[in-house]
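Colleague: coords please:
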Amino acid sequence: MSFELPELDRKLTQAAVEAALEKYRLYKTITSDEREAQTTAAWSDSPKGDTGTTSDQTSNIAIHNVDSQEYRRRYCERIEKAVKRLPMKERILITERYLNIDCDFDYVVYNHVLDPPIGETTYYKRKWKAFYKIALTLNIQVVKEERGVESNRGN
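Modeller: Residues are numbered from 1 along each chain as shown. Take a look at the predicted model:
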């Protein structure tokens, strides 16, 4: 019995991984978008009828604030675990290029950040290997099929 790794659509898988890493970076940098309770009364000319529902604005806001923070925390934790599993050279590349807030360009990483600097071709080969592993770990890979492209997202 043998296990074969799937052949991935490189362009679509890379886009999916980059989107996930960009979302990580965004979640790490944004401040909490906590909602607040409305403190001023609303006045209206039209008569209000009973809608049959009760609403507790304060509890709804508290639930939203806790849930959104917890979602972001879990998402970031999941990305960090996936990157932590990579071999050291790939992990450093992904961390410096995508997880750190300071670096926005590949050429800066392979020329100035990595010590010793590596060539462009080596950098992109290493980056693709890391993306392949991250995509499989996060289950966001896009498998290349003979007749087309089959996405494994959301399965």
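
Colleague: which other helices and strands does whichever strand or helix holds Ala20 contact?
Modeller: Element membership for Ala20 (DSSP states H and E) is helix 10-29. Judged by 3 or more C-beta pairs under 8 Å, 6 or more residues apart in numbering; DSSP states H and E, the packing partners of helix 10-29 are helix 57-84, helix 120-138, strand 142-144. Using the backbone N, CA and C atoms, a C-beta is placed for each residue, glycine as well.

Colleague: what's in contact with that helix?
Modeller: Helix 10-29 is contacted by residues 72, 75-76, 79, 94, 98-99, 101, 128, 131-132, 134-135, 138, 140-142, 149, 151, 153 when judged by C-beta atoms under 8 Å, 6 or more residues apart in numbering.

Colleague: may I see the buried residues of it?
Modeller: Leu12, Thr13, Gln14, Ala16, Val17, Ala20, Leu21, Tyr24, Arg25 (16 or more other C-beta atoms under 10 Å).

Colleague: the inter-axis angle of that helix versus helix 120-138?
Modeller: Helix 10-29 runs at 70 degrees relative to helix 120-138, counting by axes from the mean of the first three to the mean of the last three C-alpha atoms, to 10 degrees.

Colleague: tell me the mean pLDDT over helix 10-29?
Modeller: For helix 10-29, the mean per-residue pLDDT is 95.

Colleague: same question for stretch 87-105.
Modeller: pLDDT averaged over stretch 87-105 gives 92.

Colleague: got the end-to-end distance for that stretch?
Modeller: Start and end residues of stretch 87-105 are separated by 22 Å (C-alpha to C-alpha, to the nearest Å).

Colleague: and for stretch 133-142?
Modeller: Separation of the first and last residues of stretch 133-142 by C-alpha to C-alpha is 12 Å.

Colleague: give me the buried positions along it.
Modeller: For stretch 133-142, a neighbour-count test (16+ other C-beta under 10 Å) marks Lys133, Ile134, Ala135, Leu136, Thr137, Leu138, Ile140, Gln141, Val142 as buried.

Colleague: nearest to Gly119 among those?
Modeller: Nearest to Gly119 among those is Lys133, at 21.3 Å by C-beta to C-beta.

Colleague: check contacts around Glu90.
Modeller: By C-beta under 8 Å, 6+ apart, Glu90 lies in contact with Arg126, Lys127, Lys129, Ala130, Lys133.
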